[in-house]
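*Asks:* structure for this input, please:
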Amino acid sequence: MKIGIAADHAGYEQKQKLVQQLTDMGYDITDYGANTYEPTDDYPDVIIPLGMALLHKEVDRGIAVCGSGVGVSVAANKIPGVRAALITESYSAHQGVEHDDMNLLCVGGRVIGPMLIWEIVQAFLNAKYDGGERFQRRLNKVIALEKQFKS
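*Replies:* Numbers count the residues shown, from 1 in each chain. Here you go, the predicted model:
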């Protein structure tokens, strides 16, 4: 599985840990930045390349980290085809994939610790979209919304 990862300054330290953990587990990782700790960077600037990679199917799933996880979630969901959610526990990490085909996990590097982040990431990456009729019906409605409001 190809995984894209991105973080702003507030998620930089956690992202670096995740890159190492994911690499150790054998995942193919593409790091979309930040590549250095820059306290004045802005989360939309780091989430756009990751979101575009998801849109163009260059990666299978994405992980984004900012201070709270809210900013990267809001910004990522503006990109068509990206289904991002801020996750703070493992149930929603796998359920979001299984039921909603979530493809971008957003976490807060300043609000949850590295052990919980790693547990959430594993739940997210090990989950598979169910694809059952009710889930696909709902997903089709979300996709229709994207198309309806696309400018």
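*Asks:* distance check, Asn89 against Ala123.
*Replies:* Residue 89: Glu, not Asn. 9 Å (C-beta to C-beta, to the nearest Å). To be clear about C-beta, it is placed using only N, CA and C from the backbone, and glycine gets the same treatment.
*Asks:* can you get me a residue count around Lys128?
*Replies:* 9 (other C-beta atoms under 10 Å).
*Asks:* repeat that for Ile79.
*Replies:* With other C-beta under 10 Å as criterion, Ile79 counts 19.
*Asks:* you'd agree it is up against Pro49?
*Replies:* No: here Ile79 lies out of contact with Pro49, judged by C-beta atoms under 8 Å, at a distance of 10.4 Å.
*Asks:* and the average pLDDT for stretch 126-143 is what?
*Replies:* Averaged across stretch 126-143, pLDDT comes to 95.
*Asks:* ok, and what's touching it?
*Replies:* With contacts defined as C-beta atoms under 8 Å, 6 or more residues apart in numbering, stretch 126-143 is touched by Arg83, Ala93, His94, Gln95, Gly96, Val97, Glu98, His99, Asp100, Asp101.
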